[in-house]
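Enquirer: Sequence and predicted model, in that order:
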Protein chains: 2
Amino acid sequence: MLNLHDRLQGWQKRIEVVLDDVLPPSSTHPAKLHAALRYTVLNGGKRMRPLLVYAAGEALGIAADRLDIPAAAIELIHVYSLVHDDLPAMDDDDLRRGKATCHKAFDEPTAILVGDGLQALAFQLLAAHPRMLASPAQRLRMIEQLGQAAGSRGMVGGQAIDLAAVGQELTEMELENMHIHKTGALIRASVLLAAYSVEAMDAQRLQQLDHFAKCIGLAFQVQDDILDVESDTQTLGKTRGADAAAGKPTYPSIIGMAASRAKLQDLYDEAMNALLSFGESADMLRHCAEFTVKRIR
Amino acid sequence: MLNLHDRLQGWQKRIEVVLDDVLPPSSTHPAKLHAALRYTVLNGGKRMRPLLVYAAGEALGIAADRLDIPAAAIELIHVYSLVHDDLPAMDDDDLRRGKATCHKAFDEPTAILVGDGLQALAFQLLAAHPRMLASPAQRLRMIEQLGQAAGSRGMVGGQAIDLAAVGQELTEMELENMHIHKTGALIRASVLLAAYSVEAMDAQRLQQLDHFAKCIGLAFQVQDDILDVESDTQTLGKTRGADAAAGKPTYPSIIGMAASRAKLQDLYDEAMNALLSFGESADMLRHCAEFTVKRIR
């Protein structure tokens, strides 16, 4: 029998195949844009959001093949946000996952358009991909949720808060508010889109999964801030200390390293508690949580 | 009885109210981003795409209130494309409709995020706005169509072709291919989204409306190129001769001014012919076509 880690790797391979499949071939006109789309998406990310979709689906008894397209759609939104985030006018990053960022490998206009095109594709997939097995009502609910999570009151709003925060002294609560928007909204959407595949979803279980996702999303960010201080550039695949150097507020800079570690542990415990009623079906979600707080990049 | 022009103005007023209504209040957190969203959308554009939605709806016997949200969604996609198009890395325009472009009035990161947020909002509205009266299946078809028209094989692809064409000698056919993607796809979507509101759409009528939209989309672009040469900056609300100065291929630069005028007339005639079987119900579409080729800005 496969252990949890092998199964997680199986899902990682699975989503790579799905992403490869839903992206237009690089020969599609205009070819440079489509080559850039593929370069950017198929570059070995952790695929944390798709893994959460599959794991939440397993906790709810939904087979992975019903979740391939929602998982891909969320990852496309995530990747587009990274591409725009890396632009010179934003974080101006040259490296992402150890490779040249889209605007470095291609050019800035192409990177803007790659992000724009990926967002459109995400919604198009949920609306009409042949392998999208959910009912019309379920699909609409997913599109609404993804639009909200990605939009100006979700991820994009979080980016705006982040930009305004550079060089500012934030309170811990303000930092948390930023992360809840910037990364939390899309991580919650991962769990919610899986839940929306269920015909008649129990409200309490939905709330528990949502709370799990909230805690994990924040824990991911705390760990990101810790790694920015403690890891090295090669392991991270991006420049170590970049956030601190850019004057970005981080958990270690606001509450110190010891309190950051304690917060990470608290969030992990709270996430685990939210899954208490799920039994073994949520083992993969638990493993995702562990993976999140123990990862080294 | 109102004449055609008064009715067009009535629809222009109508869509302004709808757009104002679907945008989050500027006090929404984060406030700067939402102020920028409203500044950018509510700035007195021609609203050509919403007008086409309403006019195509009238030709098909669909009341305007069933088309408010599709019309708004298409306009949000159009506005986001202008915001990203105006960025320093793209066309680097300071003026749009006589006012400072988003990145000039705010800043570049905000303009990137405004575009991103508008795109998400467009799909969210089609999926779930309370005033969206179409059936789930119809909504999904609209989302699919809008995603395709906006994406890397539609508008975004056209932008990429446009960027690659700067300083190049294009043939007339290559120029046409660019416009079919860059502006044609969204103009066709305007007519198609109206048609998707019809319960059982006649395939031939759909094809006629689609052909009308193709001709009008191209005619709009030919007229744009003519105006870029012949109008003045104040009337245009953007810098006259900007396309020529930027080394962008235009109809006058490729086929000359006389042939451009003849082409405009041919496209207009073809568009009108496509509406022959519609009778009086298509008078507003005809008026849109006239408005397109006779406009001075």
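Expert: Perfect, I can see it now.
Enquirer: now the helices for the stretch 101-250 of chain A?
Expert: Listed in chain order, the helices of the stretch 101-250 of chain A (DSSP state H, counting those that start in this stretch) span A:102-105, A:108-128, A:136-150, A:155-165, A:172-179, A:185-195, A:203-230, A:233-236, A:242-245.
Enquirer: To B:Ala195, which of those helices lies closest?
Expert: helix A:108-128 (16.5 Å; CB to CB). Any C-beta I mention is one placed from the backbone N, CA and C, and that applies to glycine too.
Enquirer: So which elements touch that closest one?
Expert: helix A:31-41, helix A:68-85, helix A:102-105, helix A:136-150, helix B:68-85, helix B:108-128, helix B:136-150, helix B:155-165 (3 or more CB pairs under 8 Å, 6 or more residues apart in numbering or on different chains; DSSP states H and E).
Enquirer: chain center to the first one: distance?
Expert: Taking CA atoms, centre = their mean, to the nearest Å, the mean C-alpha location of helix A:31-41 is offset from the chain mean by 20 Å.
Enquirer: quick one: the following helix or strand past it to helix A:68-85, angle?
Expert: Sequence-wise, the next helix or strand downstream of helix A:31-41 (DSSP states H and E) is helix A:48-59. Between helix A:48-59 and helix A:68-85, the angle comes out at 160 degrees (axes from the mean of the first three to the mean of the last three CA atoms, to 10 degrees).
Enquirer: give me phi/psi at A:Met132?
Expert: For A:Met132, the backbone dihedrals (degrees, to the nearest 10) come out as phi -90, psi 110.
Enquirer: brain fart, A:Ala289
Expert: Torsion angles, degrees, to the nearest 10, at A:Ala289: phi -60, psi -40.
Enquirer: Which residues outside stretch A:78-92 are in contact with it?
Expert: Applying CB atoms under 8 Å, 6 or more residues apart in numbering or on different chains, the contact partners of stretch A:78-92 are A:40-41, A:45, A:49, A:93, A:96, A:101-103, A:108, A:111-112, A:114-116, A:118-119, A:122, A:150, A:155-156, A:159, A:163, A:186, A:242, A:246, B:87-89, B:108-109, B:112-113, B:116.
Enquirer: Quick check: buried residues in it?
Expert: A:78-91 (16 or more other CB atoms under 10 Å in any protein chain shown).
Enquirer: and which of the residues you listed is nearest to A:Leu192?
Expert: A:His78 (14.9 Å).
Enquirer: A:Ile143 contacts B:Leu121, correct?
Expert: No: between A:Ile143 and B:Leu121 there is no contact under CB atoms under 8 Å: 11.9 Å.
Enquirer: Look at the closest residue in space to A:Arg295 that isn't next to it in sequence and say how many residues are nearby.
Expert: Leaving aside its sequence neighbours, A:Arg295 sits nearest to A:Gln223 (CB to CB, 6 or more residues apart in numbering or on different chains; 6.7 Å). The local packing of A:Gln223 (other CB atoms under 10 Å in any protein chain shown) involves 21 other residues.
Enquirer: mind listing what A:Gln223 touches?
Expert: A:Gln223 neighbours (CB under 8 Å, 6+ apart): A:264, A:292-293, A:295.
Enquirer: measure stretch A:228-246 end to end?
Expert: 12 Å (CA to CA, to the nearest Å).
Enquirer: Please list the residues of the stretch 151-297 of chain A that sit near chain B.
Expert: A:151-154, A:156-157, A:159-161, A:163-164 (CB under 8 Å from any CB of the partner chain).
Enquirer: As CSV, the residues you listed with neighbour count would be great.
Expert: Shown next, in CSV, are those (neighbours: other CB atoms under 10 Å in any protein chain shown):
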residue, neighbour count
A:Gly151, 23
A:Ser152, 28
A:Arg153, 23
A:Gly154, 25
A:Val156, 30
A:Gly157, 25
A:Gln159, 27
A:Ala160, 28
A:Ile161, 22
A:Leu163, 22
A:Ala164, 17
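Enquirer: what distance separates stretch A:257-277 from the centre of its chain?
Expert: 19 Å.
Enquirer: I misspoke; the intended subject was stretch A:81-96.
Expert: The answer for stretch A:81-96 is 16 Å, by CA atoms, centre = their mean.
Enquirer: any idea of the mean pLDDT for it?
Expert: Averaging pLDDT along stretch A:81-96 yields 94.
Enquirer: on that earlier part again, which of the contacts of stretch A:78-92 are buried?
Expert: A:40-41, A:45, A:49, A:93, A:96, A:101-103, A:108, A:111-112, A:114-116, A:118-119, A:122, A:150, A:155-156, A:159, A:163, A:186, A:242, B:87-89, B:108-109, B:112-113, B:116.
Enquirer: how far away is A:Ala219 from chain B?
Expert: Taking CB to the nearest CB, to the nearest Å as the measure, A:Ala219 falls 23 Å from chain B.
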